[in-house]
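>>> the sequence and its predicted three-dimensional model are supplied below.
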2 protein chains.
Amino acid sequence: MNYPNGKKVKTQHATKNNTPHDRFSNRGMTLEKDINDTNNYYLSRGLCVIHKKPTPVQIVKVDYPKRSAAVIKEAYFKQASTTDYNGLYKGRYIDFEAKETKNKTSFPLSNFHQHQIDHMEDIVKHEGICFVIIRFQAYNESYVFPAVKLFPYWHRQFKDGRKSIPYTAVKDEGTLIPASFPALVDYLTVVDEIFF
Amino acid sequence: MNYPNGKKVKTQHATKNNTPHDRFSNRGMTLEKDINDTNNYYLSRGLCVIHKKPTPVQIVKVDYPKRSAAVIKEAYFKQASTTDYNGLYKGRYIDFEAKETKNKTSFPLSNFHQHQIDHMEDIVKHEGICFVIIRFQAYNESYVFPAVKLFPYWHRQFKDGRKSIPYTAVKDEGTLIPASFPALVDYLTVVDEIFF
């Protein structure tokens, strides 16, 4: 490895219950963990089969120490070309992305990138159930916001320049997700309401 | 990193068009690449939205050189808890695993592990379309083998000890996938035939 200008390198270690990428980037950790716990509960109850996809990584160098497992020695985080979660519920294909914000008045569209929007448009076209889960950390509120309601905001930003969805619009056009235990983000109840 | 007994460490570099894991392990490369090319073609034609999931990796150490992208310095390949491919076709959820063998007379069941079988059983239960693509390299033949036909072979191995599916059974119970260009493994035509 080449460290430019001999600058210091910060190293962090992943912990057991954190997906490393989010732990390192310090973003989205709580919501992701809550959804994973919810999905595990759903799966254990036989309600649906929905999983988070692995974090995409570009692997550059792998070592094979004798008598030990292969060790990845150099790799980089890649941008995902799809959403993070997909699966199957009541015979229907389900696809969603989950994002949280510290912002109190709006949800920044920079949480998504064009590839993900393209993917979500494809899913809607092919009759899948597609939405985003948006959490406002300040209010501890999570919403199901259908992809078809996200698209106009996404495309409008290139016209009028507004790069976020107002909190009031998320509240009006989305549906608040009830929290229970152990379904910490009980989004299936909202999916039932909106899509079935 | 600790290399036991000062043993030599073999290092390999990934190339652009290979997914590193398969290149390094030297297994499944051709079939995986053919399916990815086919899926890209399907996607570009708007026929379906089916993607390979990223290789699951357990990240242990990440460096943050200043003014550069984060570098993963230590990570390990993890066993997948689901299948490699899933997505959406004609409003239906699709899920499959793809494996190839050099064996000429049978397909070894060791190509799957219990978690994947559990996952496929869940998919069938929730009314998803689920199958495996099996390629016999010696004959350059790829088959769609429905998951419901795989399960009996899987469970039987713990009773009578037969740890493979005979080639003749794959031929009889599966459906040969036509190869065309650019759909090198044109499995959707078989899916149409079997599941619709």
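Now that the structure is in, tell me what you want to look at.
>>> how close does the residue most central in space within chain A get to A:E173?
Residue closest to the average C-alpha location in chain A (C-alpha atoms, centre = their mean): A:A98, at 3.4 Å. From A:A98 across to A:E173, the span is 17 Å (C-beta to C-beta, to the nearest Å). Placement of C-beta: from N, CA and C, glycine included.
>>> then A:D34?
Taking C-beta to C-beta, one finds A:D34 at 22 Å from A:E173.
>>> compare those two (neighbour count), which wins?
When neighbours are counted by other C-beta atoms under 10 Å in any protein chain shown, A:D34 and A:E173 differ, and A:D34 comes out ahead with 20 against 16.
>>> surely A:V190 is in a helix?
Yes. The assignment for A:V190 is a helix, going by DSSP: H, G, I helix; E, B strand; the rest coil.
>>> residue contacts, A:T38?
Listed by C-beta atoms under 8 Å, 6 or more residues apart in numbering or on different chains, the contact set of A:T38 reads A:182-187.
>>> next: A:A179.
Applying C-beta under 8 Å, 6+ apart to A:A179 gives the contacts A:142, A:185-186.
>>> tabulate those residues (CSV), appending pLDDT.
CSV is the format used below for these (pLDDT from 0 to 100):
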residue, pLDDT
A:S142, 98
A:V185, 97
A:D186, 98
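>>> for the helix ranked longest in chain A, C-alpha coordinates in PDB please.
Longest helix in chain A, counting residues (DSSP state H): helix A:29-44. The C-alpha trace of helix A:29-44 is given here as PDB (Å, rounded to 0.1, in the frame of the first residue of the first chain):
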ATOM      1  CA  MET A  29     -26.200   1.800  11.700                       C
ATOM      2  CA  THR A  30     -29.300   1.800  13.900                       C
ATOM      3  CA  LEU A  31     -31.900   1.600  11.200                       C
ATOM      4  CA  GLU A  32     -30.000  -1.200   9.400                       C
ATOM      5  CA  LYS A  33     -29.600  -3.200  12.600                       C
ATOM      6  CA  ASP A  34     -33.300  -2.700  13.500                       C
ATOM      7  CA  ILE A  35     -34.400  -3.900  10.000                       C
ATOM      8  CA  ASN A  36     -32.100  -6.900  10.100                       C
ATOM      9  CA  ASP A  37     -33.500  -7.900  13.500                       C
ATOM     10  CA  THR A  38     -37.000  -7.500  12.200                       C
ATOM     11  CA  ASN A  39     -36.200  -9.600   9.100                       C
ATOM     12  CA  ASN A  40     -34.700 -12.300  11.300                       C
ATOM     13  CA  TYR A  41     -37.900 -12.300  13.300                       C
ATOM     14  CA  TYR A  42     -40.100 -12.400  10.200                       C
ATOM     15  CA  LEU A  43     -38.000 -15.300   8.800                       C
ATOM     16  CA  SER A  44     -38.200 -17.300  12.000                       C
END
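>>> what element comes up after that helix heading to the C-terminus?
The helix or strand immediately downstream of helix A:29-44 is strand A:49-52, counting by DSSP states H and E.
>>> what comes into contact with that following strand?
Contacts for strand A:49-52 (C-beta under 8 Å, 6+ apart): A:19, A:32, A:35-36, A:39, A:42-43, A:84-89, A:94, B:81-82, B:119, B:122-123, B:126, B:128.
>>> mind listing what's buried in the helix or strand containing A:F158?
Under the criterion of DSSP H and E, A:F158 resides in helix A:147-160. Within helix A:147-160, the residues that count as buried by 16 or more other C-beta atoms under 10 Å in any protein chain shown are A:147, A:149-150, A:153-154.
>>> and those residues, which is closest to chain B?
Chain B has its nearest neighbour among the buried residues of helix A:147-160 in A:A147, at 12.8 Å by C-beta to the nearest C-beta.
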